[in-house]
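Peer 1: structure of the sequence below:
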Amino acid sequence: MILLVVSNSFAGTYDCTFTHRNTQNGLEKEKLKLTFAISEIDDKAHVIGNTGTPSEVFHIDKGFGKTFIEITDLGNVMTTTIDKKMKAVHSRNTVGFSGKLIPQQFYGSCTKRQLNK
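Peer 2: Sure thing, here's the model as predicted:
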């Protein structure tokens, strides 16, 4: 997990901590940590989440924020958007094994680490 993030081939890392989750049942406290790293070599981005395994994600850095998009092996879409003030929202659009929609949205903030070359 840490090897990907601290590698000198990564131009910047966003450490995000989400403290609240909104579901169909309402808003509740729940902690989620995600780390995003963007490679200076090939401009690819990766996310490291609760499993500790890096996953490649798309990243868009236009306008007034940055967005990361992950498509899981099952086809579920996860997006994280970070604004210029480093506030963040992480949305999970998941369809469970039963075919039931499981919407979740997390709220938090991020810090950016610029790694030395």
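
Peer 1: mind listing what's buried along the helix or strand where I82 lies?
Peer 2: When elements are defined using DSSP states H and E, I82 is found to belong to strand 77-83. Using 16 or more other C-beta atoms under 10 Å as the test for burial, strand 77-83 gives M78, T79, T80, I82. Using the backbone N, CA and C atoms, a C-beta is placed for each residue, glycine as well.

Peer 1: how about the secondary structure of the closest residue to the first one other than its chain neighbours?
Peer 2: In other words, M78. What sits nearest to M78 in space, not counting adjacent residues and going by C-beta to C-beta, 6 or more residues apart in numbering, is E70, at 4.3 Å. The three-state label given to E70 by DSSP: H, G, I helix; E, B strand; the rest coil is strand.

Peer 1: what's E70 in contact with, if anything?
Peer 2: Neighbour list for E70: V47, S55, V57, F58, V77, M78, T79 [criterion: C-beta atoms under 8 Å, 6 or more residues apart in numbering].

Peer 1: re the thing from before, and the buried residues of strand 77-83, which is closest to T94?
Peer 2: Closest approach between these and T94, by C-beta to C-beta: M78, at 8.1 Å.

Peer 1: what pLDDT does the closest one get?
Peer 2: Looking at M78, its pLDDT reads 95.

Peer 1: farthest-apart pair in the buried residues of strand 77-83, please.
Peer 2: Taking C-beta to C-beta, no two of the buried residues of strand 77-83 sit farther apart than M78 and I82, at 13.9 Å.

Peer 1: next up, the contacts around G65.
Peer 2: Applying C-beta under 8 Å, 6+ apart, the residues near G65 are T81, I82, D83, K84.

Peer 1: who does the third one form a beta bridge with?
Peer 2: Okay, so that is D83. G65 (DSSP bridges).

Peer 1: distance of it relative to P103?
Peer 2: Separation of D83 from P103 (C-beta to C-beta, to the nearest Å): 21 Å.

Peer 1: please apply the same query to the first one.
Peer 2: As for T81, its distance to P103 is 16 Å (criterion: C-beta to C-beta).

Peer 1: and the helices in the chain?
Peer 2: Counting by DSSP state H, the chain has these helices, from start to end: 2-6.
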